[in-house]
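> Got a sequence here, can you model it:
(one chain, ligands or ions: 2)
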Amino acid sequence: MAGQHEKGYFTEADSAEVVTGRNANAKDERLRQIMDVVIRHLHEAVKEIEPTQEEWFKAIQFLTATGHMCDDWRQEFILLSDVLGVSMLVDAINNRKPSGATETTVLGPFHVADAPAMENGADICLDGKGEPLVIHGKVTSVDGTPIEGARLDVWQANDEGFYDVQQKGIQPDFNLRGIFLSQANGGYWFRGVKPKYYGIPNDGPIGAMLEKLGRHPYRPAHLHYIVGADGYEEITTHIFVPDDPYIDSDVVFGVKESLLAEFAKVDNPERAEKFGVANPFWEVEFDFTLAPK
Ligand code: BEZ
Ligand code: FE
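Ligands and ions are numbered 1, 2, ... in the order given. Below you'll find the predicted structure:
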């Protein structure tokens, strides 16, 4: 048929040009551009690697197993993107913010869309396990103006390193999650537990890949935040425990210096009573800065 072999028959030398040539009539220009780049780089990689048929079939089996591992509560492809540094790269490309805004980092697979709204001061730890933690701070605009009504969606793992969604029936639903609104002075505060480092799920193909590559599966202790307000760019970020043993080798490359918080150990019965926590406790002050849209 006319036009079928516009770039000629397939050869090793011309492989990428022949395949991308077939997409000339794509109905979506952005899709055509994306697929041209993906095809070019994929063919380049295959030419450099020169896989055997068995090796290529192993790659197919790896991707198949990654898909089979996914369900409503498990997203193995996000893990793959995370451990290859692609999630952080996409984040960096999409968050070239004016200086001054709080830096962003990975979302991860454990965010839940419908976490409960809570009053400032609420305890997101529903089962009372772990060392008590009080977190407070302000949400301001890059020019320093306090932002009232900013939404802070917070989630964290428990003191054993598991999220509620990983331990259904063991932890209460929505344990260690909450949505807070900043007050008139931009202030927010809540209670939680001191987080601990944890291994990302390693019972699937991504865990097996890390093991074979001699990589550990750990993330340094952190709390997750999505912070947004009307008229401002939303940020997805964390705060990290700075003296964590994995702070310099996060398996998903999510650590940024500006996100290291100070976790102060407080032994002060009056202050504990003021916050409504047992003494001693951990206290963190961390401010968030948003850039206008
Ligand atoms: C998390 O921090 O929840 C997370 C991020 C990336 C992969 C696995 C977990
Ligand atoms: Fe996490």
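
> For the rest of this, base every contact and every neighbour count on C-alpha atoms.
Noted.

> State the three-state secondary structure for Val284.
strand (DSSP: H, G, I helix; E, B strand; the rest coil).

> Up against ligand 1, what does the stretch 1-150 of the chain have?
79, 82, 108-110 (Cα under 6 Å from any ligand atom).

> what do you get if the cut-off is 5 Å, keeping everything else the same?
Applying Cα under 5 Å from any ligand atom, one finds that the stretch 1-150 of the chain approaches ligand 1 through Gly108.

> show me where the stretch 1-150 of the chain has strands.
Secondary structure of the stretch 1-150 of the chain (DSSP state E, counting those that start in this stretch): strands at 132-141.

> in it, what residue is nearest ligand 1?
Minimum separation of the stretch 1-150 of the chain from ligand 1 (Cα to the nearest ligand atom) falls at Gly108, amounting to 3.4 Å.

> Contact partners for that residue?
Residues near Gly108 by Cα atoms under 8 Å, 6 or more residues apart in numbering: 78-79, 82.

> what about Pro195, neighbour count?
23 (other Cα atoms under 10 Å).

> Hmm, Ala157 and it touching each other?
Yes: at 6.4 Å, Pro195 counts as touching Ala157 under the criterion of Cα atoms under 8 Å.

> How much space separates the closest residue to Glu17 other than its chain neighbours from Gly144?
In this structure, Glu17 finds its nearest non-sequential neighbour in Lys7, 7.0 Å apart by Cα to Cα, 6 or more residues apart in numbering. Look at Lys7 and Gly144: by Cα to Cα, to the nearest Å, they are 58 Å apart.

> and if you look at Gly187?
The value you get for Gly187 to Gly144, if Cα to Cα is used, is 13 Å.

> between the two, which one's more packed in?
Gly187 (21 against 11).

> tell me the contacts of that one?
For Gly187, the contacting residues are 136-139, 148, by Cα under 8 Å, 6+ apart.

> joint contacts of Pro195 and Ala157?
Common contacts of Pro195 and Ala157 (Cα under 8 Å, 6+ apart): Leu223.

> can you map out the helices along the chain?
For the chain, the helices defined by DSSP state H cover 15-21, 29-49, 53-68, 76-83, 86-94, 205-212, 269-275.

> out of those, nearest to Gly128?
helix 269-275 (15.3 Å; Cα to Cα).

> could you turn that closest one into CSV, dropping everything but the C-alphas?
Taking Å, rounded to 0.1, in the frame of the first residue of the first chain, the C-alpha atoms of helix 269-275 are listed here in CSV:
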residue,chain,number,x,y,z
PRO,A,269,5.6,18.7,82.4
GLU,A,270,4.0,22.2,82.1
ARG,A,271,4.6,22.4,78.4
ALA,A,272,3.4,18.8,77.9
GLU,A,273,0.2,19.7,79.7
LYS,A,274,-0.2,22.8,77.6
PHE,A,275,-0.1,20.7,74.4
